[in-house]
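Student: model this:
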Amino acid sequence: MAIFLDRSHGGELMRLSLPVPLLRRSGRARTAVVLAAAAGLVAGAALVVHEVNSPAFGLEAAPRGDAPECARVAKDSPDGVGGQRRADVTLPGVAVWGDGTVVLRCGLRPPAATVDPCLTIDEVDWVWREARSRAGEKVLITYGRDPAVELTVSDRVGAIDEVLVELSHAVEPIRQKNKCVSVADVPPTVS
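Tutor: Numbers count the residues shown, from 1 in each chain. You can find the predicted model right below:
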């Protein structure tokens, strides 16, 4: 007896065969074995579906996501941002809202000095990572704080500035060592 499972993402068929001795058992024993196997498959499929539908699916914690500062940032992050409810995730230093509409990851290495746009929200400097942002989402990272906090915001969020205000309060306790400067703040070079 063989059971075929369709793996629609890969387009392959997976074959699960039950050993022949199971098929030679009495009707009740065979039925019990088949039902147990089917129940196991259903339970396994439910776990896979739950994991794939999780807002944290495909996310990884940052390398230093288990730092005490990151635990505090994740704990102090609000229950809702940008009109999205906070999802329940277990990755250290990670907070997610909606179906991944807003993702905060704490524990990254602070960015080096950059010419990328920087904005200050409630005394927290955020650098817009133009190279990492793509159609449909913006990626920002704190500047001058160690560990750094990365924020990915979907374009489905109408007011990214509100998200930054709400999350800057959670990030602000991480000590700031450097600040963004504008071109006007840089002294002219003497030739």
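Student: Might one say that Leu108 is in contact with Leu151?
Tutor: No - using CB atoms under 8 Å, Leu108 is not in contact with Leu151; the gap is 10.7 Å. Just so you know, the C-beta spots here come from the backbone N, C-alpha and C atoms, and that holds for glycine as well.
Student: Among the two, which residue is more densely surrounded?
Tutor: Leu151 (24 against 20; other CB atoms under 10 Å).
Student: Let me know whether my guess that that one is in a strand holds.
Tutor: Yes - judged by DSSP: H, G, I helix; E, B strand; the rest coil, Leu151 forms part of a strand.
Student: From Val115, how far out is Gly82?
Tutor: 28 Å (CB to CB, to the nearest Å).
Student: remind me which residues of this structure are low pLDDT?
Tutor: Low-confidence segments of the chain (pLDDT under 70): 1-57, 185-186, 191.
Student: where along it do the helices fall?
Tutor: Ranges of helices in the chain, per DSSP state H, are 20-23, 27-53, 68-76, 160-171.
Student: can you pull the buried residues of the third one?
Tutor: Of the residues in helix 68-76, those buried under the neighbour-count criterion (16 or more other CB atoms under 10 Å) are 69-70, 72-74.
Student: Now do the strands in the chain.
Tutor: Secondary structure of the chain (DSSP state E): strands located at 2-7, 12-17, 80-81, 84-85, 94-97, 102-108, 118-121, 124-128, 137-142, 148-154.
Student: out of the ones you listed, nearest to Asn178?
Tutor: strand 124-128 (8.1 Å; CB to CB).
Student: Contacts for that closest one next, please.
Tutor: Contact with strand 124-128 is made by 111, 114, 116-120, 138-145, 151, 164, 168, 171-172, 176, 179-180, as judged by CB atoms under 8 Å, 6 or more residues apart in numbering.
Student: Go again with 10 Å.
Tutor: Contact with strand 124-128 is made by 110-111, 113-120, 138-145, 148-151, 160, 164-165, 167-172, 174, 176, 178-181, as judged by CB atoms under 10 Å, 6 or more residues apart in numbering.
Student: mind listing what it pairs with, with the direction of each?
Tutor: Using DSSP bridges, strand 124-128 pairs in its sheet with strand 118-121 (antiparallel), strand 137-142 (antiparallel).
Student: Please identify the most buried of those.
Tutor: strand 137-142 (a mean of 21; mean count of other CB atoms under 10 Å).
Student: That strand to helix 68-76, inter-axis angle?
Tutor: 130 degrees (axes from the mean of the first three to the mean of the last three CA atoms, to 10 degrees).
Student: Please save the CA atoms from strand 137-142 in PDB.
Tutor: C-alpha atoms of strand 137-142 as PDB (Å, rounded to 0.1, in the frame of the first residue of the first chain):
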ATOM      1  CA  GLU A 137       9.100  47.400   1.800                       C
ATOM      2  CA  LYS A 138      11.600  49.800   3.400                       C
ATOM      3  CA  VAL A 139      14.500  48.700   5.600                       C
ATOM      4  CA  LEU A 140      15.900  51.000   8.300                       C
ATOM      5  CA  ILE A 141      18.600  50.400  10.900                       C
ATOM      6  CA  THR A 142      19.500  52.400  14.000                       C
END
